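K.L.:
Here's a sequence, model it:
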Amino acid sequence: MTLLFPAPPIQAQVTVRLRAGVVDVTARGAPLSEVLDALARPTGMKVVYDGPAPRQLVTVSLRERWPAQAVLDLLEGQGLNYVLVRDTAGTGVQSLVLVAVEDSPPPRASAARADSGAEPPEEEPANPDLDGIPAALRPLLPPEMTRKAKSPRASPGAPAGASPAPDSARAPHDDRR
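P.N.:
Next comes the predicted model:
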């Protein structure tokens, strides 16, 4: 008679070492949220989960990475929506916001019907950096990211909010000399 016993479960292991501003991250069969939380402790990164923390198991060995690069390497290919706020040097991470993935984007407000006689409300310029980020999380973002997008018609070097004159108002260009 042969007795079979199940193999003992593999213990998830996460090791993070910070030396001279760079990190080594080693994880074997660990939930992604545990790896991110372990990376947050020595680096001072703030991690916010909007929705359930990502539980997919990761096995990774990262050596001598800037903290920001380590986070990007961990998130690559995981199918997550996130906002990464780097420090002023660009090598560290101030905060990481992981946003729950929705099945479909929310419907946009429709303009007033043409036969109602009402003018459609004027829309504020969209800020593509904020697409998909819930309003509740926007206070966590740095001010430079939450400013409204500039008008796409603005000329380079023109004052903010300035729009170029329409083509019909511009002086004709004469190539003859």
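K.L.:
Give me the neighbour count for the closest residue in space to residue 61 that isn't next to it in sequence.
P.N.:
With Cβ to Cβ, 6 or more residues apart in numbering as the criterion, residue 61 has its nearest non-adjacent residue at 5.1 Å, and that residue is residue 26. Heads up, the C-betas are built off the backbone N, CA and C, glycines and all. Residue 26: 16 surrounding residues under other Cβ atoms under 10 Å.
K.L.:
my guess is residue 61 meets residue 23, correct?
P.N.:
No - Residue 61 lies out of contact with residue 23 (Cβ atoms under 8 Å); the separation is 11.9 Å.
K.L.:
hmm, who's touching the one helix or strand the residue nearest to residue 61 maps to?
P.N.:
Under the criterion DSSP states H and E, the helix or strand holding residue 26 is strand 22-31. With contact meaning Cβ atoms under 8 Å, 6 or more residues apart in numbering, strand 22-31 is reached by 10-17, 34-35, 38-39, 42-43, 53-67, 70, 74.
K.L.:
just the CA coordinates of it, formatted as CSV?
P.N.:
C-alpha atoms of strand 22-31 as CSV (Å, rounded to 0.1, in the frame of the first residue of the first chain):
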residue,chain,number,x,y,z
VAL,A,22,18.7,51.4,-5.0
VAL,A,23,16.6,48.3,-4.1
ASP,A,24,16.9,44.6,-4.5
VAL,A,25,13.5,42.8,-4.6
THR,A,26,13.1,39.1,-4.4
ALA,A,27,9.7,37.4,-4.2
ARG,A,28,8.7,33.8,-4.7
GLY,A,29,5.0,32.9,-5.0
ALA,A,30,3.9,36.1,-3.1
PRO,A,31,0.8,38.1,-3.7
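K.L.:
Next, the buried residues of it.
P.N.:
22, 23, 25, 26, 27, 30, 31 (16 or more other Cβ atoms under 10 Å).
K.L.:
tell me the average confidence for whatever helix or strand comes next after that strand?
P.N.:
For strand 22-31, the succeeding helix or strand toward the C-terminus, using DSSP H and E, is helix 32-43. Averaging pLDDT along helix 32-43 yields 96.
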